[in-house]
Structures are given as structure tokens and as C-alpha cells.
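In: Show me how the following folds:
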Amino acid sequence: MAGLVPEQPADASGDGYRRIVGPLLLPTWVMIGIFLVLPVALMAVYSFLTKEFRGGVDWQFSLAAYDQFFLNRGLFGDEPPVMEWTYITIFWRSIWQAAVATALCLAIGFPTAWFIATRPAATRGVWLFLITIPYWVNLLIRTVSLKFLIRDNGPLNEALMGIGLIDGPLPLVNTNLAVQLGLFYSYLPFMVLPVYAAVERYNFAYSEAAADLYASRWVTLREIVLPIVKPGIIAGCLLVFIPSLGAFLAPDLLGGAKTFMIGSLIDEQFKGSLGNWPFGAAVSMILMTLVMIALLIYARASAKGGAV
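Out: Numbers count the residues shown, from 1 in each chain. Coordinates of the predicted model:
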């Protein structure tokens, strides 16, 4: 009987496939190691070093950078430590700014994605093309253009004063509102595209069945649509929240000293001889920790969704 069983080809066992894929993936792993793992590891090492007075680092192990973030020991470091709220406040401002930007992008992006997904198949590509047009232009140029639009003597204020809605220019630049506009303008497509991908796979027969059972539109949205498209919503929220958390251009160009965020704080630590490289590296590692927490929350939510 054993002779009647056909022998499997050598490649069918998967050994041949693994022998081919291994060398093909080698360049990918090298690129990940050089451009992802190595910079993060270097930043982690720098965060435990000592600041050099002329800029750069002194290769002596120290926790001073993390101590500086959480505790204030006075100008010369000889005073009793007290809680340092300055940097914690900057982090908190960055978190709520990113959260508000994410909520705003979701409020506008979900209806936009639903609208595009419900268009005829022949025109959906055109709508998606229009969504991605802003990304043909560099982010710096787009942010500067937005600042020009909302400045005191910009087209927006001139138009509002011209039609008599306001008597004087609205002070929009160097405010939290300007930062929100910049984040929203920069990352809205990051919300629309994953939500659109989820809505496009949605079976609208569920909505028709709910209507046949006299369910209201709100009940249908809450109990049927949102649970099904939730993976796309979570992905879009992460794609907006994470870059908004570490955003640099919008707070720097549209905000002011009162809108200082994490990205600006890190940038300041690597400028010239007055910078503090270990502290900047420590702030970067704390920021990365927050991002990892957000990714873990997403992974747990995805796992629960898959289990259901």
C-alpha cells in the first residue's frame, strides 16, 4: 500500500520555498536594521548619556535626562527635587491636540469615506484622486500656504471683513485653533482612505434588512455599520493620532509659544551648542513609548474584533 501513495515533490514540503524566500528577504531586513532599528537603538543609548557643555554627548552613563523631564532640581541641580510640570504640560498639550485633531478628522472623514464608497464604481476613482491631490505638494509648502490664508491680512480675514461678518481681523495665527487646522489639513486623507476601504467592503444588504425590521438610521449606524467598519476607523484614528502627536511643522509655523508641542521640544534639543542631546533623546523615547501604547491598544482591539 505504501507504494501506491504518490511521492510529494521536493518543493511541496516548503523547504524549497524557504530557501528561496530567505535570500530575497535579506535586503529588506538589512534596510529595516539600518534605517529603523539602528537609529532607535542609538537614540535609546544617547538618552542614558551625559550632556557635553559644548554640544553633543559625554559617553558616561546617566539618568539625568529622564530626571530632568520629571523633576526640577534648580539651576545648578543642588536643590531638593520637585515635580517638573513644564515638559509634562507640553506632552499633555500634544496628546489632547492630537486627540482633537483625530476626532475632527473622524467627524469629517467618515461621512466623506461613506459618500465616496456609495458612488458608482466608475466615479470612485475620481473622488479618491481628489482626496490625494494635496499630497502632490510638499507638507511644508501646504502649511505655509495655510498660514498665508488665515493670517491677519490674509484672504480669509479680508473676505470676512469684505462681506461685513467681522469688523477686524480674527487672530487665528499662533493659536490652538490654527494648530488644529494645520493638523486637520495635513492628516485628513489618512482617515478617509482606511475608512473608505472598510466601508467599500460593507454589505449594504445589512442596512436593507435593518430597514425592513423598522430600525432607525441611527440604530442601523450604531448597531450594524460601526461595528463592521470599526477596524477601518481604528486604523484611521491611529494614522492620524500618531503623526499628530509628534507633529512639528503645524505647531512651529501656525502656533506660538503657548502651543509648543513634543515635536518642537525635541527639535530644540538638537540645535547648536545650546542643545541637550541626551534630553532630546529621552523625550523621543518617551514619545515612542506613548506611540507603542497606542499600537498595543489597536492590536488588542483588533484581536477582540477578530475573536468576535
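In: name the element the closest residue to Ile116 other than its chain neighbours belongs to?
Out: What sits nearest to Ile116 in space, not counting adjacent residues and going by Cβ to Cβ, 6 or more residues apart in numbering, is Trp127, at 4.4 Å. Every C-beta, even on glycine, is put in place using the N, C-alpha and C of the backbone. Per DSSP states H and E, Trp127 falls inside helix 121-132.
In: List the buried residues for the next helix or strand after that helix?
Out: Sequence-wise, the next helix or strand downstream of helix 121-132 (DSSP H and E) is helix 139-150. Within helix 139-150, the residues scored as buried using 16 or more other Cβ atoms under 10 Å are 139, 142-143, 146-147, 150.
In: tell me what helix 139-150 is packed against?
Out: The helices and strands touching helix 139-150, judged by 3 or more Cβ pairs under 8 Å, 6 or more residues apart in numbering; DSSP states H and E, are helix 155-162, helix 176-200, helix 249-254.
In: rewinding a little: and the angle for the helix holding Trp127 with helix 176-200?
Out: Here the directions of helix 121-132 and helix 176-200 differ by 160 degrees (axes from the mean of the first three to the mean of the last three Cα atoms, to 10 degrees).
In: Need the CA coordinates for helix 121-132. CSV is fine.
Out: What follows is helix 121-132, C-alpha atoms only, in CSV (Å, rounded to 0.1, in the frame of the first residue of the first chain):
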residue,chain,number,x,y,z
ALA,A,121,-17.9,52.3,-9.2
ALA,A,122,-16.9,54.3,-12.3
THR,A,123,-16.5,57.5,-10.3
ARG,A,124,-15.0,56.3,-7.1
GLY,A,125,-11.5,56.6,-8.5
VAL,A,126,-12.1,60.2,-9.4
TRP,A,127,-13.1,61.0,-5.8
LEU,A,128,-10.1,59.2,-4.3
PHE,A,129,-7.9,61.1,-6.8
LEU,A,130,-9.3,64.4,-5.5
ILE,A,131,-8.6,63.3,-1.9
THR,A,132,-5.0,62.6,-2.6
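In: average model confidence for that helix?
Out: Here helix 121-132 scores 89 as its mean pLDDT.
In: Make 40 the first number, not 1, from now on.
Out: Will do, 40 is the new start, and the previous item becomes helix 160-171.
In: I'd like to know which elements that helix is packed against.
Out: Using 3+ Cβ pairs under 8 Å, 6+ apart, helix 160-171 is in contact with helix 124-156, helix 215-239.
In: relative to helix 160-171, how tilted is the longest one?
Out: With the same axes, to 10 degrees applied, the angle from helix 124-156 to helix 160-171 works out at 160 degrees.
In: Make JSON lines out of the helices and strands packed on helix 160-171 and add mean pLDDT and distance to Pro270.
Out: Putting the helices and strands packed on helix 160-171 into JSON lines (pLDDT from 0 to 100; distance: least, Cβ to Cβ, whole Å) gives the following:
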{"stretch": "helix 124-156", "mean pLDDT": "92", "distance to Pro270": "13"}
{"stretch": "helix 215-239", "mean pLDDT": "92", "distance to Pro270": "6"}
